[in-house]
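**Q** the sequence and its predicted three-dimensional model are supplied below.
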Amino acid sequence: MGAIPIEDKLQQAGLALLGNCQKMSGRGPGLLEHSAMLEDFTPQELDTLGEAMLLIRAQPGQVLMSEGDGGDWMLLLLSGTVDVTKATPPTGDDTDAPETMSRLGVATEGAALGEMSMFDRDVRYATCTAIDTVEAAVLSRAAIGQLIRQHPGVGAKLMVKITQLLAQRLRNTSNRLVKMLEKR
């Protein structure tokens, strides 16, 4: 059996599919200002990138990504706020106790989510839930390949920005780990 198209995966998750993100530069300068991933893109490059991305909408309380699910796509938040949580299994002998949810953060306009799973095809590390109405651009692994082939400059710039984003997150995680170890 073949792979499920990304559009079908998004619709199965109950997300409203609104087409692609044509004219992303028309969303105003705020997107370029608030997104570390997009800050070096020109408006023309942003429009090229947007043509490769799908536009989705989620309502408050709707899950955009679920911890443990596989994923070959990532999100760029265009508007709205998203709660990022991780399930924590019960500790000790009480295996019947429910899992608790730990908030890892709150993501806002310009934030990128799900990039690790997009690259390594491993399961999602956290659950992302819309706090209010969210519009997001979906970038699939296949779309990145197509961008690299058809618009190498934009594809290369995108790869550099995502790599920088991942490196910064790793650096932040390492710093938090060192601080935790120093408290011991």
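**A** Here it is on my side, so go on.

**Q** helices or strands next to the host helix or strand of Thr48 in the packing?
**A** Thr48 is part of helix 43-51 when elements are defined by DSSP states H and E. The contact analysis (3 or more C-beta pairs under 8 Å, 6 or more residues apart in numbering; DSSP states H and E) places helix 43-51 against helix 152-182. Every C-beta, even on glycine, is put in place using the N, C-alpha and C of the backbone.

**Q** list the buried residues for the helix it packs on?
**A** Neighbour counts over helix 152-182 (16 or more other C-beta atoms under 10 Å) mark Val154, Gly155, Lys157, Leu158, Lys161, Ile162, Leu165 as buried.

**Q** skipping its backbone neighbours, what lies nearest the residue nearest to the spatial centre of the chain in space?
**A** For the chain, the residue nearest the mean C-alpha position is Leu113 (1.9 Å; C-alpha atoms, centre = their mean). In space, and not counting its chain neighbours, Leu113 is closest to Leu75: 4.6 Å by C-beta to C-beta, 6 or more residues apart in numbering.

**Q** okay, angle between the host helix or strand of the one you found and helix 43-51 too, please.
**A** According to DSSP H and E, Leu75 maps onto strand 73-79. Strand 73-79 and helix 43-51 meet at an angle of 120 degrees, taking axes from the mean of the first three to the mean of the last three C-alpha atoms, to 10 degrees as the criterion.

**Q** got the contact list for strand 73-79?
**A** Strand 73-79 has contacts (C-beta atoms under 8 Å, 6 or more residues apart in numbering) with 6, 9, 21, 27, 31, 35, 37-38, 53, 55-56, 64-65, 107-115, 117-118, 128, 133-141.

**Q** with stretch 5-22 instead?
**A** Stretch 5-22 is contacted from outside by 4, 47, 49-58, 62-64, 72-73, 78, 135, 137-138, 140, 142, using C-beta under 8 Å, 6+ apart.
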